[in-house]
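Asks: Attaching a predicted model along with its sequence, questions to come.
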Amino acid sequence: MLAVSHTVTEIDGGPGVGEVYRLRAMMFDTPPEQLVAVLVSWAIGLAVLYLVIRLAVRHAIADADRRRARTRD
């Protein structure tokens, strides 16, 4: 398995060389509207993830405060 992988990298010109060229071709062949749509969807996904984590932390802090108040009484 290792020998086959080594032979393939020698033919390609190094590890990842062909992948970089394919990525560049894909980026420049993609319409700008599609790139914007992907970036906007990523931004929305990250914002939702941030809000979910923020709400979970707030809930955990409030829960810890309630437990602490119960143990003092």
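Replies: Here it is on my side, so go on. On a predicted model such as this, the values are computed, not experimentally measured, just so you know. Numbers count the residues shown, from 1 in each chain.

Asks: So what does Tyr50 have for phi and psi?
Replies: Torsion angles at Tyr50 (phi, psi; degrees, to the nearest 10) stand at phi -60, psi -40.

Asks: Same question for the one 4 residues further on.
Replies: In this entry, Arg54 is assigned phi and psi values of phi -60, psi -40 (degrees, to the nearest 10).

Asks: Ok, Ala69 next?
Replies: Main-chain torsions, Ala69, degrees, to the nearest 10: phi -70, psi -40.

Asks: what about it, distance to Asp63?
Replies: Look at Ala69 and Asp63: by Cβ to Cβ, to the nearest Å, they are 11 Å apart. In short, each C-beta sits where N, CA and C put it, glycine included.

Asks: can you pull out the helices in this structure?
Replies: For the chain, helices defined by DSSP state H occupy the ranges 2-12, 17-29, 32-72.

Asks: weakest of the ones you listed in terms of mean pLDDT?
Replies: Lowest mean pLDDT within the helices of the chain: helix 2-12, a mean of 46.

Asks: For Ala69, the count of nearby residues, please.
Replies: As a burial measure, Ala69 scores 9 neighbours (other Cβ atoms under 10 Å).

Asks: same question, His59
Replies: Number of residues near His59 (other Cβ under 10 Å) recorded here: 10.
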